[in-house]
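Predicted model follows, preceded by the sequence.
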Amino acid sequence: KNTSQEDGNGIGVDVELVSEIPITNETFLERNFTKDEITYCMSRPDPQSSFAGRWSAKEAVIKAVSSRATSKVWTKGEAAPLVDIEILPGESGAPVVKFHNDAEKAVKDAGIKDVKVTISHSGGFSCAMAIAE
Amino acid sequence: KNTSQEDGNGIGVDVELVSEIPITNETFLERNFTKDEITYCMSRPDPQSSFAGRWSAKEAVIKAVSSRATSKVWTKGEAAPLVDIEILPGESGAPVVKFHNDAEKAVKDAGIKDVKVTISHSGGFSCAMAIAE
Amino acid sequence: KNTSQEDGNGIGVDVELVSEIPITNETFLERNFTKDEITYCMSRPDPQSSFAGRWSAKEAVIKAVSSRATSKVWTKGEAAPLVDIEILPGESGAPVVKFHNDAEKAVKDAGIKDVKVTISHSGGFSCAMAIAE
């Protein structure tokens, strides 16, 4: 019996090798991170890990949102730029997600009201999980 | 004060070294994966990682289901074959769980209506998380 | 549009390199683990991994709790001893969280009724996730 088809998964996990994120490639950065995200990551003690953690978080958010929707809301698939999913620290210090442009429309079309995300990195790996409700 | 005893945990995470899954051992594969899962994983660009990700997902699902139950529903423990927890991509592409045989009974006995799961792998590791509700 | 500010995140993930937890340092252990936790971890086949998994779990719980609160409940920040977040196996075998002292007060002040946690380790890494509701 299939238990999770009805309302979609709505959860996402992502793990990445920190070294694989090419943070010296400016085109890559601008395609995937907002100015505020770049400023934030560059100000951290270990920018490479901060960018990787944020990358993991964006991937986890895409999984959570696209699996929640019953129709194909994330039409651009894996080639979509991640810049439209902005993740910055909120008041508590925990990451807060803001959606822009096509990503905002996809989230709205999927009837999603809330997306939570959490990030960690250690020993050369970053990990994130997201829940879309 | 104990906050999570009342209704069980219902969540599970699992991390695995991709290289530790012996995918050339046919007996191992047939004990733990359905025919459809084997066909799916073998068709992927990196079967070793696909089997490992699915293995992580099954372990995460067992943790979520067995911690949700108030009584011991997963009676076979870690020696149980994982073939009864089938995980294949659903319409959205996200993994969907189907339970068979003893696993189906365990889920029913625990009063679980929905099990969500998400999978990732990178840099030689696979990771999955599951939520049972 | 900011989707997750209203009621806080309430989720936490943590990944750690198992080798980085200094389990031969008694001061470190007593600052961060209760007597029952130390007894439990020392009785496991691989104490180093057990302590690391528990450390990950405590970090994930802090993230979940502190991101759930609208005000700053975790006033001691990262310097806080983790001994006040006790994580031991419950009846099902799954980890159960108990809060003591300042941590208990923080959880209460944040209006949190339930904290779930799950732990995994493999290949030199530990990983945990927590949900605070």
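All right, it came through fine. All values derive from a computational prediction rather than experimental measurement.

looking at chain A, which helix or strand is least sure?
Comparing helices and strands within chain A by mean pLDDT, DSSP states H and E singles out helix A:101-109 as the least confident, with a mean of 87.

In that helix, which of the residues would be classed as buried?
Using 16 or more other CB atoms under 10 Å in any protein chain shown as the burial criterion, the residues of helix A:101-109 that qualify are A:103, A:106-107. Quick note: C-beta positions are derived from backbone N, CA and C, even for glycine.

same deal with stretch A:44-53?
Buried positions in stretch A:44-53, judged by neighbour count with 16+ other CB under 10 Å: A:48-53.

does it come close to chain C?
No. Using CB under 8 Å from any CB of the partner chain, stretch A:44-53 never reaches chain C; the gap is at least 10.0 Å.

what's the spacing between that stretch and its chain's center?
Distance of stretch A:44-53 from the chain centroid (CA atoms, centre = their mean, to the nearest Å) equals 15 Å.

Look up which helix or strand the spatially most central residue of chain A falls in, please.
Residue closest to the average C-alpha location in chain A (CA atoms, centre = their mean): A:K58, at 1.1 Å. If you go by DSSP states H and E, A:K58 is part of helix A:47-68.

right, and the secondary structure at A:V96 would be what?
Each residue gets one of three states, and A:V96 gets strand by DSSP: H, G, I helix; E, B strand; the rest coil.

which strand residues sit across from A:M129 in the sheet?
Bridge pairing for A:M129 (DSSP bridges) gives the partners A:V13, A:T118.

Hmm, C:I11 and it touching each other?
Yes. Between A:M129 and C:I11 a contact is recorded at 6.6 Å, counting by CB atoms under 8 Å.

Looking at these two, which is more packed in?
A direct count of neighbours by other CB atoms under 10 Å in any protein chain shown for A:M129 and C:I11 places A:M129 higher, at 32 against 26.

Tell me where chain A is predicted with low confidence.
Low-confidence segments of chain A, defined by pLDDT under 70: A:1-8, A:70-80.

Secondary structure class of A:H121, three-state.
Here A:H121 takes the strand state, with states given by three-state DSSP.

how about it, what does it touch?
A:18, A:49, A:52-53, A:56, A:127, C:15 (CB atoms under 8 Å, 6 or more residues apart in numbering or on different chains).

Those residues into a markdown table, with extra columns for distance to A:F99?
Written out in a markdown table, the entries for the contacts of A:H121 read as follows (distance: CB to CB, whole Å):
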| residue | distance to A:F99 |
| --- | --- |
| A:V18 | 25 |
| A:S49 | 24 |
| A:A52 | 21 |
| A:G53 | 19 |
| A:S56 | 17 |
| A:C127 | 22 |
| C:V15 | 26 |
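
which residues are common contacts for A:M129 and C:I11?
Listed contacts common to A:M129 and C:I11 are A:117-118, C:129; contacts here mean CB under 8 Å, 6+ apart.

one step back: quick check, the residue nearest to the centre of chain A in contact with A:I85.
Yes. Contact criterion CB under 8 Å: A:K58 and A:I85 qualify, at 4.8 Å.

Can I get stretch A:89-99 in PDB, CA atoms only?
Listed next in PDB are the C-alpha coordinates belonging to stretch A:89-99 (Å, rounded to 0.1, in the frame of the first residue of the first chain):
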ATOM      1  CA  PRO A  89      19.700  34.000   9.000                       C
ATOM      2  CA  GLY A  90      16.500  35.200  10.700                       C
ATOM      3  CA  GLU A  91      16.200  36.900  14.100                       C
ATOM      4  CA  SER A  92      16.900  33.700  16.000                       C
ATOM      5  CA  GLY A  93      20.000  33.000  13.900                       C
ATOM      6  CA  ALA A  94      18.300  30.000  12.200                       C
ATOM      7  CA  PRO A  95      18.000  30.100   8.400                       C
ATOM      8  CA  VAL A  96      14.900  31.600   6.800                       C
ATOM      9  CA  VAL A  97      13.800  31.000   3.200                       C
ATOM     10  CA  LYS A  98      12.500  33.700   0.900                       C
ATOM     11  CA  PHE A  99      11.300  32.800  -2.600                       C
END
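
ok, the shared contacts of A:M129 and C:I11 vs B:T27, which is closest?
When the shared contacts of A:M129 and C:I11 are compared for distance to B:T27 (CB to CB), C:M129 wins out at 32.6 Å.

surely the closest one meets C:V13?
Yes. Taking CB under 8 Å as the definition, C:M129 is a contact partner of C:V13 at 4.8 Å.

overlap in contacts of those two?
Any residue near both C:M129 and C:V13 by CB under 8 Å, 6+ apart counts here, and that gives A:118, A:129, B:13, C:60.

Alongside chain C, which residues does chain A contribute?
Checking chain A against chain C by CB under 8 Å from any CB, the hits are A:13, A:15, A:90-99, A:104, A:107, A:112-123, A:125-129, A:131.

Select only the buried ones of those residues in PyMOL?
What follows is the PyMOL syntax selecting those of the residues of chain A next to chain C that are buried according to 16+ other CB under 10 Å:
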select buried, chain A and resi 13+15+90+92+94+95+96+97+98+99+107+112+115+116+117+118+119+120+121+122+125+126+127+128+129+131
